[in-house]
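> here is a sequence together with a model predicted from it:
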Amino acid sequence: MATITTTVAVTTMKAQGRPQNSPNSADSTAGRQDKEEPGRTAPQNSGPAAINESQRSQTIHSQKGQPKIPRSLGVWHAGARNAPLRTRYGMIRERSLYITGIRWTRAIKTTRHGTWSYTHDILPSVVATKTPFYRDTSFRRTVNVVDKNGVRHQVEQRIDSLIPTPKTVYGVGWVPLGVRFTTSRPRWAQASFGISGGGLYFNKPMPDPMETRFNFTLDAVAIATIPITKKHRLNLGYQFNHISNANSGRSNPGVNTQMWHFGWSYAR
């Protein structure tokens, strides 16, 4: 009876996974020691599943390691007061030009000297004040003319007269082609030089009634970029603007304006 009780107890202990004083216990202890010994590694899985997992981890690592391409979004305003304008009656200096733009910038190449960027501008407001328009005041009159024989005749003459009338012209624009270079030094005020081109559309012919409403525009800028915070920049400088219809109208006087430029940008 005692023998049967001992056998049952040993069997119960094996079933619960806590063997005592058995050969299998020694083997399992040795196996655990082998796993815990330094310098030994567990066998790795092999096969298609392991290869796919390795490729997936490498792809994720490479994606995380790719640097972000610098981009920025900003607004700017340029203006000039009493800018010269060539008209059919000569040069005038009472005209003013104001341009407001929204600019998106994307870096395309970075060197040790600076960064080349692509710029894209939308111009929601272009205002040209005192643009000359002309009011026709032609009239006819009768004058007395004496011919070579001394005979007096009455001759009707037509006198053409155009009186300039200044008006404000409003327009919008799209400048999809632009490139800019920004120096890497100094950090506190980086120099930036750029050129861009696009089109403008006005509510009236610009800058002469014989021109067209659509004009081409070309801009060149030289500005200083001043960091305000880690992502915010202040831009101050000079802008040269040219407006022309490229000989698509009856006349093409063209407009060249030197303007001050200031703006704000947010780097993403």
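That came through fine. Residues are numbered from 1 along each chain as shown.

> return the list of helices and strands in contact with the helix or strand containing W174.
Counting by DSSP states H and E, the element that carries W174 is strand 162-183. Applying 3 or more C-beta pairs under 8 Å, 6 or more residues apart in numbering; DSSP states H and E, we find strand 162-183 packed against strand 90-110, strand 114-136, strand 190-202, strand 214-227. In this view, the C-beta of every residue, glycine as well, is placed from N, C-alpha and C.

> same question for the third one, mean pLDDT?
The one in question is strand 190-202. Mean pLDDT, strand 190-202: 96.

> residues of it that come out buried?
190-192, 194, 196, 198, 200, 202 (16 or more other C-beta atoms under 10 Å).

> returning to that earlier point: dump the helices and strands packed on strand 162-183 to a markdown table, plus distance to T182.
Listed next are the helices and strands packed on strand 162-183 as a markdown table, based on distance: least, C-beta to C-beta, whole Å:
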| stretch | distance to T182 |
| --- | --- |
| strand 90-110 | 9 |
| strand 114-136 | 5 |
| strand 190-202 | 4 |
| strand 214-227 | 6 |
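
> nearest to R233, of the ones you listed?
Closest of these to R233 is strand 214-227, at 5.2 Å (criterion: C-beta to C-beta).

> what angle sits between the following helix or strand past that closest one and strand 190-202?
Sequence order places strand 232-244 as the next helix or strand after strand 214-227, per DSSP H and E. Orientation check (axes from the mean of the first three to the mean of the last three C-alpha atoms, to 10 degrees): strand 232-244 against strand 190-202 gives 40 degrees.

> just the buried residues of strand 232-244, please?
Buried, per 16+ other C-beta under 10 Å, within strand 232-244: 233-235, 237, 239-241, 243-244.

> now do stretch 111-119
Neighbour count says stretch 111-119 has 114-115, 117-119 buried, by 16+ other C-beta under 10 Å.

> again with stretch 250-257
Quick answer for stretch 250-257 (16+ other C-beta under 10 Å): 253-255, 257.

> equivalent analysis for stretch 80-88, please.
Buried, per 16+ other C-beta under 10 Å, within stretch 80-88: 80, 83, 85.

> between these, which is closest to E156?
L85 (36.9 Å).

> which one is T105 nearest to, not counting chain neighbours?
S72 (4.6 Å; C-beta to C-beta, 6 or more residues apart in numbering).

> pretty sure that neighbour sits against S265.
Yes: contact status for S72 versus S265: in contact at 4.7 Å, counting by C-beta atoms under 8 Å.

> overlap of the contact sets of the two?
105, 233 (C-beta atoms under 8 Å, 6 or more residues apart in numbering).

> residues contacting the residue nearest to the spatial centre of the chain?
The chain has W104 as the residue nearest its centroid, 1.6 Å off, counting by C-alpha atoms, centre = their mean. By C-beta under 8 Å, 6+ apart, W104 lies in contact with 71-73, 119-121.

> make a markdown table out of the residues you listed and add distance to Q157 and pLDDT.
Listed next are the contacts of W104 as a markdown table, based on distance: C-beta to C-beta, whole Å; pLDDT from 0 to 100:
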| residue | distance to Q157 | pLDDT |
| --- | --- | --- |
| R71 | 67 | 91 |
| S72 | 65 | 94 |
| L73 | 63 | 96 |
| T119 | 57 | 97 |
| H120 | 57 | 97 |
| D121 | 53 | 98 |
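
> farthest-apart pair in these, please.
R71 and D121 (14.6 Å).

> which one's more surrounded, the two?
D121 (21 against 13; other C-beta atoms under 10 Å).

> so what's the more buried one closest to, chain neighbours aside?
V175 (3.9 Å).

> what do you get for A191?
T183 (4.7 Å).

> for P207, same thing?
Using C-beta to C-beta, 6+ apart, the nearest residue to P207 is V255, at 5.1 Å.

> and if you look at I195?
Per C-beta to C-beta, 6+ apart, closest to I195 is A220, 5.0 Å.
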